[in-house]
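Visitor: here is the input, now give the coordinates:
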Amino acid sequence: MAVETTPGVSEGTPEEPQVGAGGTAEQTDLPHVARDRGLGLWLVITGLVAAAASFLLLYERIQLWQDNSHSTACDISPWVSCGQVMESWQASTFGFPNIFIGVVGFPLIIAIGVGLLGRLSLPRWYWVGLQTGVLFALGFCIWLWSQAVYVIGALCPYCMVVWAAVIPMAAAVTARNIIHGVIPAGEGLQRAAREWWWVAALLLYLAVAASIIVMFPQILAF
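Guide: Below is the predicted model:
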């Protein structure tokens with residue numbers, strides 16, 4: 001019996017992976033954060049959350065500039081107060097309000113996510129730049145968290161929303177770049193990035209929650 005073969009494909013030769021509009025091969029064995037569209041969705045969601053909190057902070061900051069006696073929407077108690085945090089020097093670490101970094105940076109993250117959802121192919125240098133940006137954001141958020149909890153002694157709910165969005169954002173981008181070789185890594189680290197990338201985000205969440213409970217035990221009374 002004759003065996004029909006597809007023209008142009010020799011018998012026993014594996015098919016090449018199809019390349020999408022973005023110019024990258026679809027690899028179904030990769031975790032969703034390592035696929036362009038999966039990471040794109042992740043960036044859009046976390047970027048929207050962080051951007052919303054940043055713009056709310058900007059609104060409150062403008063109100064304080066116009067009226068020093070203004071009480072922000074999250075001035076709930078002496079230890080939960082956006083206003084108290086905004087009046088600290090840490091709120092203008094680089095000589096201007098930190099809020100402006102988020103107002104500019106997070107819409108850019110959203111734009112990158114939308115591009116990835118549309119199968120935009122990004123060069124390696126762009127991924128390096130994105131990696132640098134999210135690591136800066138993560139490191140800055142960790143520093144601001146330590147200052148708020150251990151130095152200022154007050155919590156800013158809007159700031160905490162930004163922290164909560166940046167942590168998984170940075171974890172996802174880092175995992176993607178390890179898996180795709182943008183960040184040089186051995187096989188063991190690549191395997192960990194594939195299967196356990198979310199653990200890094202979870203551990204940071206637990207560290208933040210534990211520090212807040214220890215330093216602000218009154219939160220348990222609510």
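Visitor: surely residue 70 touches residue 64?
Guide: Yes: when contacts are counted by Cβ atoms under 8 Å, residue 70 is listed as touching residue 64 (5.2 Å). (Glycine included, C-beta is placed from N, CA and C.)
Visitor: okay, and the common contacts of the two?
Guide: Jointly contacting residue 70 and residue 64 under the rule Cβ atoms under 8 Å, 6 or more residues apart in numbering are residue 83.
Visitor: look up how far residue 178 lies from the one residue sitting closest to the centre of the chain.
Guide: Centrality entry for the chain: nearest residue to the mean C-alpha point is residue 169, 2.1 Å, by Cα atoms, centre = their mean. Distance, residue 169 to residue 178, by Cβ to Cβ, to the nearest Å: 15 Å.
Visitor: one step back: show me which of residue 70 and residue 64 is the more surrounded one.
Guide: Remark: of residue 70 and residue 64, residue 64 carries more neighbours, 17 against 14, as counted by other Cβ atoms under 10 Å.
Visitor: can you give the distance from stretch 41-58 to the centre of its chain?
Guide: Mean-position distance between stretch 41-58 and its chain equals 9 Å (Cα atoms, centre = their mean, to the nearest Å).
Visitor: low-confidence ranges in this structure?
Guide: 1-28, 220-222 (pLDDT under 70).
Visitor: please redo it, this time with the cut-off set to 50
Guide: Applying pLDDT under 50 to the chain flags the ranges 1-26.
Visitor: any chance you could map the strands in it?
Guide: With DSSP state E, there are no strands along the chain.
Visitor: gap between the closest residue to the residue nearest to the centre of the chain other than its chain neighbours and residue 171?
Guide: Of all residues not flanking residue 169 in the chain, residue 46 sits nearest, at 4.2 Å (Cβ to Cβ, 6 or more residues apart in numbering). To residue 171, residue 46 is 10 Å away according to Cβ to Cβ.
Visitor: which residue ranges of this protein form helices?
Guide: 36-66, 82-86, 99-117, 124-147, 157-179, 187-215 (DSSP state H).
Visitor: from the chain's centroid, how far away is the shortest one?
Guide: The chain centroid and the centroid of helix 82-86 are separated by 23 Å, computed with Cα atoms, centre = their mean.
Visitor: tell me the contacts of residue 174?
Guide: Per Cβ under 8 Å, 6+ apart, neighbours of residue 174: 131, 134, 135, 183, 193, 197, 200.
Visitor: gap between it and residue 190?
Guide: For residue 174, the distance to residue 190 - Cβ to Cβ - is 12 Å.
Visitor: do the same with residue 202
Guide: 20 Å.
Visitor: in this structure residue 135 contacts residue 169, no?
Guide: No: using Cβ under 8 Å, residue 135 is not in contact with residue 169; the gap is 10.6 Å.
Visitor: buried ones in stretch 211-222, by neighbour count?
Guide: 212, 216 (16 or more other Cβ atoms under 10 Å).
Visitor: what of stretch 89-105?
Guide: Those would be 90, 91, 97, 98, 99, 101, 102, 105, for stretch 89-105 by 16+ other Cβ under 10 Å.
Visitor: and what of stretch 186-194?
Guide: So stretch 186-194, judged by 16+ other Cβ under 10 Å, has buried residues 190, 192, 193, 194.
Visitor: list the contacts of the closest residue to residue 80 other than its chain neighbours.
Guide: Among residues not flanking residue 80 along the chain, residue 155 sits closest, at 5.1 Å (Cβ to Cβ, 6+ apart). By Cβ under 8 Å, 6+ apart, the contact set of residue 155 is 79, 80, 81, 85, 148, 149, 212, 216.
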